[in-house]
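[1] The sequence and its predicted three-dimensional model are supplied below.
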Amino acid sequence: MGEMTPKKRALLCITGNKKKADRISCFDVLTTATVDQMNAVKAPFPDAHRDPELCFRLAAAAWEIIGLEGFKLPFDLCIEAEALGCKIHWGRIDRHPSVEAPVFNDLEEFKVPEKIIEMGRFPIKHGVEERLRREYGDYLPIANQVTGPFTVAGHIFGIERFLIWTKKKPREKIEEVLRLIADINIEDSKEALRSGADVICIADPSATSDIISPQFFKETLVPIYKYMVRKIGAPVVLHICGNTMAYLPYLPDTEIDAFSADAQVHIGFAKQVLGDRVAIVGNVPTISVLLLGNPQTVRKATIEAISQGVDVVMPSCGIPPRTPTENFKAMVEAARCWVYV
Amino acid sequence: MVNKDEIISKFKEAIIIGDEEAAVRLAKEAIAAGLDAYEMVTKYGGEAMEVINKQYEEKKIFVPEVLLAANALSAAVEILKPHMKVEKTSIPAKVVLGVVEGDIHDIGKNLVKIMLSSAGFEVIDLGRDVPLQKFIEVAKQEKADVVGMSALMSTTMPGMKKVIDMLKDAGIRNKVKVIVGGAPVTEEWALSIGADARPKDASAAVGITKQLVEKLRKERGDSW
């Protein structure tokens, strides 16, 4: 199989085969950009969301500045909502873009424009993925993130309204809309894979069990994710924020390769529930440790996550922009020291 | 002969199951039957929301159900409000409420708003993603009694501390009470930044705000 590369290692770890790799991977498939990196490569938010050159430089900084073992695009969760017509607040250097207001007043109003992945910032994302693949060859992996159907539904209909509809409208109507959004994600993923991406990350933060019931997750979202995984045909990581412990038993049914667990999830417990069926990535706490801690507490938390059994070392969620570089690097260094014997 | 107890228990039930139409109908029946509008809202509406919050805490229900219940209560309040007799001696307390800058998650804030206005507070809703300076400006302008801030993201929480510091700098920290809330906001952290309280949920916010306002009125009187 030749020399071990970060890409081979990442793909082994993310698909639950870390024992076949030389050591654990440190490939962050969530948002990697920090203010320090933006300053170092002169590619600040919000311009880096829209300018292909700046976007490329900032994506590459994950490896060049921090040493994360791969690239991930985009830096925000608004691409889908933007292409569907939502107005975006572009934020600033230390603030991610957000959706200003919903665009559809009812489920029936929802329509997906034709060739949506040629609209908005989809082409920039795919173009940068292509350039990363060209300039870095086959050495490092690339993750293409899609904003999951539930979160996009919250963006375009308004989250409160959509939550109420999950109780009031026929379930088939809700599922139909989620399925249509999933189709956008699938189309986006396929184009990304053609452009050089290796892994798809479905980031669906609003689907947290702080908001919706495990029953809704099981009955409505699991079949949607499974549909996506089957159509995408490449390794898939699912990220959901917050405490998702109640979802764990249903994750194998989604057929995802890996689940990205937020800091509230106990990895040892998750491993017991999931066994070898789904890999677990992430879990190094973003706020209490990476943002507010120091290199020593970061190393400690990283080693704790590894010894509990994570398959890829990653922050528990998107990295807060003000995270100090020395902390972020400490996580990578701790992961690199961990060699299987 | 209309049974008042039956109206009350059906009214509570309608809110708990989030049946807006029934809640509105029962609010009208309550008025027709001569029940006290203020009590319908604060006592029985409040009791229903306490049940909801308990079920939410025990993870028997989730945010969609809480929203349905809050909307049902809110619709009932619209019917009952014109019939509430405001006591002349008590000046209604003013609460300035908002989600701090950088944060657009306003479900929690909206629930608190519904609960507080149902309980008779005058709520000035600054909305979400509120520039920090705005809390100070409006508190001054409106001579507010309470400033309430919410954040769902741990990255935006530090804005709460800044607002409290800005209230101090403006010399009006002792004129208002400050409550903070949101999923990542712990009691310990709230007190460490100098907030007066962190109610654990929307219905707890009502009781705590009442207590704080009473305390405030003793400390600084009714004048600002």
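    That came through fine. Values in this document were obtained by computation on a predicted structure and should not be read as measured data.

[2] which parts of the stretch 51-200 of chain A sit against chain B?
    Counting by CB under 8 Å from any CB of the partner chain, the stretch 51-200 of chain A comes close to chain B at A:89, A:95, A:98-99, A:159-160, A:163-164, A:166-168. (C-beta placed from N, C-alpha, C; glycine too.)

[3] so which pair among the residues you listed is furthest apart in space?
    The span of those, defined through CB to CB, is set by A:Arg95 and A:Lys168 at 34.1 Å.

[4] When these two are compared, which one has more neighbours?
    A:Arg95 (18 against 12; other CB atoms under 10 Å in any protein chain shown).

[5] quick one: that one and A:Pro321 touch, right?
    Yes - applying CB atoms under 8 Å, one finds A:Arg95 in contact with A:Pro321, separated by 7.1 Å.

[6] Now do the shared contacts for these two.
    By CB atoms under 8 Å, 6 or more residues apart in numbering or on different chains, A:Arg95 and A:Pro321 have these common neighbours: A:Phe45.

[7] Settle this for me: A:Leu193 is touching A:Val146, isn't it.
    No - between A:Leu193 and A:Val146 there is no contact under CB under 8 Å: 11.7 Å.

[8] hey, what's in contact with both of these two?
    Counting by CB under 8 Å, 6+ apart, the contacts common to A:Leu193 and A:Val146 are A:Ile200.

[9] what about these two, which has more around it?
    Neighbours per residue (other CB under 10 Å) separate A:Leu193 from A:Val146, with A:Val146 holding more: 28 against 19.

[10] Any buried residues in the stretch of helix or strand the more buried one belongs to, and which?
    Assessed by DSSP states H and E, A:Val146 sits inside strand A:142-147. For strand A:142-147, the neighbour count (16 or more other CB atoms under 10 Å in any protein chain shown) marks A:142-147 as buried.

[11] got the contact list for the helix or strand just after that strand?
    Downstream of strand A:142-147, the next assigned helix or strand under DSSP H and E is helix A:149-157. Applying CB under 8 Å, 6+ apart, the contact partners of helix A:149-157 are A:77-78, A:80-81, A:84-86, A:99, A:102-104, A:107, A:110, A:147, A:162-163, A:165, A:177-179, A:181-182, A:184-185, A:203-207, A:212, A:221, A:224.

[12] cool, and stretch B:33-45?
    Identification of contacts with stretch B:33-45 by CB under 8 Å, 6+ apart yields B:2, B:4, B:7-8, B:11-12, B:15, B:27, B:30-31, B:73, B:76-77, B:80-81, B:83-85, B:118-120, B:206.

[13] Do a quick rundown of the helices in chain B.
    B:4-16, B:20-32, B:37-39, B:46-57, B:63-80, B:107-118, B:132-142, B:158-169, B:187-192, B:202-220 (DSSP state H).

[14] Averaged pLDDT, the longest one. What do you get?
    What helix B:202-220 shows for mean pLDDT is 89.

[15] so how far is B:Ser203 from B:Val51?
    9 Å (CB to CB, to the nearest Å).

[16] Just give me the neighbour total for the nearest residue to A:Ala83 once chain neighbours are set aside.
    Spatial nearest neighbour of A:Ala83, chain neighbours left out: A:Gly120 (3.7 Å); criterion: CB to CB, 6 or more residues apart in numbering or on different chains. Number of residues near A:Gly120 (other CB under 10 Å) recorded here: 20.

[17] what's A:Gly120 sitting at in phi/psi?
    For A:Gly120, the backbone dihedrals are phi 50, psi -130 (criterion: degrees, to the nearest 10).

[18] That one and chain B, how far apart?
    Separation of A:Gly120 from chain B (CB to the nearest CB, to the nearest Å) stands at 20 Å.

[19] so what's that residue up against?
    For A:Gly120, the contacting residues are A:79, A:82-83, by CB under 8 Å, 6+ apart.

[20] Residue numbers of chain B in contact with chain A?
    Neighbours of chain A within chain B, by CB under 8 Å from any CB: B:18, B:59, B:61-65, B:67-68, B:71, B:102, B:104, B:107, B:110, B:129, B:154-155, B:183-184.

[21] and with 7 Å instead?
    By the rule CB under 7 Å from any CB of the partner chain, the part of chain B lying against chain A is B:62-65, B:67-68, B:102, B:104, B:107, B:154-155, B:183.

[22] one step back: narrow the residues of the stretch 51-200 of chain A next to chain B to those that are buried.
    A:89, A:95, A:98-99, A:159-160, A:163-164, A:166.

[23] Next step: the residues of the stretch 51-200 of chain A next to chain B restricted to helices.
    If you go by DSSP H, those have A:159-160, A:163-164, A:166-168 in helices.

[24] Distance of the closest residue to A:Lys87 other than its chain neighbours relative to A:Val146?
    Sequence neighbours aside, A:Glu100 is the residue nearest to A:Lys87 in space, at 4.3 Å (criterion: CB to CB, 6+ apart). A:Glu100 sits 21 Å away from A:Val146, taking CB to CB as the criterion.

[25] Relative to chain B, how far out is the residue nearest to A:Leu68 when sequence neighbours are not counted?
    Excluding the flanking residues, the one nearest A:Leu68 by CB to CB, 6+ apart is A:Ala62, at 4.3 Å. Noted for A:Ala62: a distance of 19 Å to chain B, by CB to the nearest CB.

[26] Hmm, A:Leu30 and A:Ala62 touching each other?
    No - in this structure, A:Ala62 is not within contact of A:Leu30 by CB atoms under 7 Å, at 10.7 Å.

[27] Between those two, which has more neighbouring residues?
    Neighbour count, other CB under 10 Å: between A:Ala62 and A:Leu30, A:Ala62 has more, with 26 against 21.

[28] pLDDT at the more buried one, what is it?
    Looking at A:Ala62, its pLDDT is 98.

[29] secondary structure class for it?
    Assigned with DSSP: H, G, I helix; E, B strand; the rest coil, A:Ala62 falls in the helix class.

[30] and it, what does it touch?
    By CB atoms under 7 Å, 6 or more residues apart in numbering or on different chains, the contact set of A:Ala62 is A:28, A:32, A:68, A:71-72.

[31] residues making contact with stretch B:68-84?
    Contacts with stretch B:68-84, where a contact means CB under 7 Å, 6+ apart, come from A:164, A:167, B:14-16, B:18-20, B:23-24, B:27-28, B:31, B:37-38, B:40-41, B:45, B:48-49, B:52, B:111, B:114, B:118.

[32] related to what we said a few turns ago, now, the contacts of A:Ala62 that are in strands?
    Counting by DSSP state E, those place A:71-72 in strands.

[33] Looking at the contacts of A:Ala62, which one is closest to chain B?
    Ranked by distance to chain B (CB to the nearest CB), the contacts of A:Ala62 are led by A:Thr32 at 15.4 Å.

[34] If you tally nearby residues, what's the number for that closest one?
    Here the count is done by other CB under 10 Å, and A:Thr32 has 27 residues near it.

[35] which residue sits closest to it, ignoring its sequence neighbours?
    Nearest residue to A:Thr32, sequence neighbours excluded (CB to CB, 6+ apart): A:Ala62, at 4.0 Å.

[36] Just give me the closest of the residues of the stretch 51-200 of chain A next to chain B to A:Thr325.
    Closest approach between these and A:Thr325, by CB to CB: A:Arg95, at 18.8 Å.
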